[in-house]
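>>> No sequence on hand, only this structure:
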């Protein structure tokens, strides 16, 4: 293989990826003008952040959590309470939700990180169920009715978010920042250690890395990003409910990540788009059967597209690139 030709192809692929991201960003900025319903796109972007947060843990660290709804939902409740009852501005309410999710993630991580595989997953599920029952019983959460009537308020006390358009562009900005943060984490030396832990944990230990600390920090970062998604969702929709913290929400984010492609950057965004679009399109037509349809799609994807939509696309392009590279 010619190194010069290979580097040239890699550069072309990087440029193509950058152009694709810029086109998608342009589409997102123009979405309200193109007739797309802003609240729907905002909901999609929130779940895209949620799926990206989960992918940071599963795709780049190799840890499967069955309880990520705990961070998404708890942040949603914390933000709603701070804004509605304590008169916090939206940015402070969101910051409080993210901090709360990170602290809960630290507690859950300290308990779960000592185990691996299915034991780790079941511990996260058990801890998430504890958070669910706290949200069900706590006096400020509204119980089964949820926390209703959360005002959007004004950003920094100046910019009103009552308009869907103003709220939309804030969500786009937060999504871009979150996406770039995940990219920066993964491409940093810290991220490279996470990948090594995912691929060969005993090897990482033999090289002197304190694996548990790396996994715990990755868990907390993932929880904080999931909390960001939940906090944004509360500000957008004006409520937080038990469905935000229910175990089915953890299942949905796993589904989104697997459909899009585990360990890819844009895969979770694609997966969130597929699931949220199907739910929005089919909910009023088939009712609860929408979950059955999504389940069938998931089974087909697992059987035919083991790497997810984006993962299979990347594998195809990689094969094309390898075939086009002259051999010496």
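Now that the structure is in, tell me what you want to look at. Note that the structure is predicted; figures quoted are calculated from it, not measured.
>>> Return the residues in contact with residue 96.
Contacts for residue 96 (Cβ atoms under 8 Å, 6 or more residues apart in numbering) come out as 78, 79, 82, 88, 231. C-beta: built from backbone N, CA, C; applies to glycine.
>>> Which one (most neighbours) among those residues?
residue 231 (34 neighbours; other Cβ atoms under 10 Å).
>>> Correct me if wrong: it contacts residue 97.
Yes: if you go by Cβ atoms under 8 Å, residue 231 and residue 97 touch, sitting 3.4 Å apart.
>>> hey, what's in contact with both of the two?
Contacts common to residue 231 and residue 97, judged by Cβ under 8 Å, 6+ apart, are 75, 76, 78, 79.
>>> Which element, helix or strand, includes the third one?
Right, residue 78. helix 69-84 (DSSP states H and E).
>>> Just give me how far that helix sits from the chain centre.
Centroid separation for helix 69-84 versus its chain: 16 Å, with Cα atoms, centre = their mean, to the nearest Å.
>>> Can you get me a residue count around residue 30?
Neighbours of residue 30 under the rule other Cβ under 10 Å: 10.
>>> how close does it sit to residue 48?
Going from residue 30 to residue 48 by Cβ to Cβ, to the nearest Å gives 18 Å.
>>> hang on, residue 250 packs against residue 128?
Yes: using Cβ under 8 Å, residue 250 is in contact with residue 128, at 6.4 Å.
>>> Pull up the overlap in contacts between the two.
When contacts are counted by Cβ under 8 Å, 6+ apart, residue 250 and residue 128 have 66, 67, 68, 69, 70 as shared neighbours.
>>> Dump those residues into CSV; add neighbour count and pLDDT as well.
Listed next are these as CSV, based on neighbours: other Cβ atoms under 10 Å; pLDDT from 0 to 100:
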residue, neighbour count, pLDDT
66, 21, 92
67, 25, 91
68, 32, 94
69, 29, 95
70, 34, 95
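>>> what's the closest of the residues you listed to residue 290?
residue 69 (18.7 Å; Cβ to Cβ).
>>> Pull the contacting residues for the residue nearest to the closest one when sequence neighbours are not counted.
The spatially closest residue to residue 69, leaving aside those adjacent along the chain, is residue 249, at 3.6 Å (Cβ to Cβ, 6 or more residues apart in numbering). Residue 249 makes contact with 68, 69, 72, 73, 243, according to Cβ under 8 Å, 6+ apart.
>>> Mind telling me the two of those residues farthest from one another?
Greatest spatial distance among the contacts of residue 249 (Cβ to Cβ): 68 and 243, at 14.1 Å.
>>> How about the contacts made by the residue nearest to residue 50 when sequence neighbours are not counted?
Spatial nearest neighbour of residue 50, excluding adjacent residues (Cβ to Cβ, 6+ apart): residue 229 at 3.8 Å. Counting by Cβ under 8 Å, 6+ apart, residue 229 makes contact with 46, 47, 49, 50, 53, 72, 75.
>>> Out of these, name the ones that lie in helices.
Judged by DSSP state H, the subset of the contacts of residue 229 located in helices is 46, 47, 49, 50, 53, 72, 75.
>>> In PyMOL, how would I select the buried members of these?
Typed into PyMOL, the line below selects the buried ones among the ones in helices among the contacts of residue 229, using 16 or more other Cβ atoms under 10 Å:
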select buried, resi 46+47+49+50+53+72+75
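>>> can you name the two of the ones in helices among the contacts of residue 229 that are farthest apart?
Spatial extent of the ones in helices among the contacts of residue 229 (Cβ to Cβ) is set by the pair 47 and 75 at 13.7 Å.
>>> Show me what the host helix or strand of residue 291 is packed up against.
According to DSSP H and E, residue 291 maps onto helix 289-304. When contacts are defined as 3 or more Cβ pairs under 8 Å, 6 or more residues apart in numbering; DSSP states H and E, helix 289-304 packs onto helix 247-260, helix 267-286.
>>> could you dump those to TSV with distance to residue 307 and mean pLDDT?
What follows is the helices and strands packed on helix 289-304, written out as TSV (distance: least, Cβ to Cβ, whole Å; pLDDT from 0 to 100):
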stretch	distance to residue 307	mean pLDDT
helix 247-260	10	90
helix 267-286	9	86
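>>> Give me whichever of those helices is most buried.
Sort the helices and strands packed on helix 289-304 by mean neighbour count, taking mean count of other Cβ atoms under 10 Å, and helix 247-260 sits at the top with a mean of 22.
>>> Show me how far that helix is from its chain's centre.
Put simply, helix 247-260 sits 9 Å off its chain's centre (Cα atoms, centre = their mean).
>>> Please identify which of the ones in helices among the contacts of residue 229 is nearest to residue 216.
residue 53 (15.5 Å).
>>> tell me the helices in the stretch 1-150 of the chain, going along the chain?
3-30, 38-61, 69-84, 90-112, 117-137 (DSSP state H, counting those that start in this stretch).
>>> so residue 162, which of the three states?
Per DSSP: H, G, I helix; E, B strand; the rest coil, the local secondary structure of residue 162 is coil.
>>> Next one, pLDDT for the residue lying closest to it once chain neighbours are set aside please.
Spatial nearest neighbour of residue 162, chain neighbours left out: residue 152 (5.7 Å); criterion: Cβ to Cβ, 6+ apart. We have a pLDDT of 89 for residue 152.
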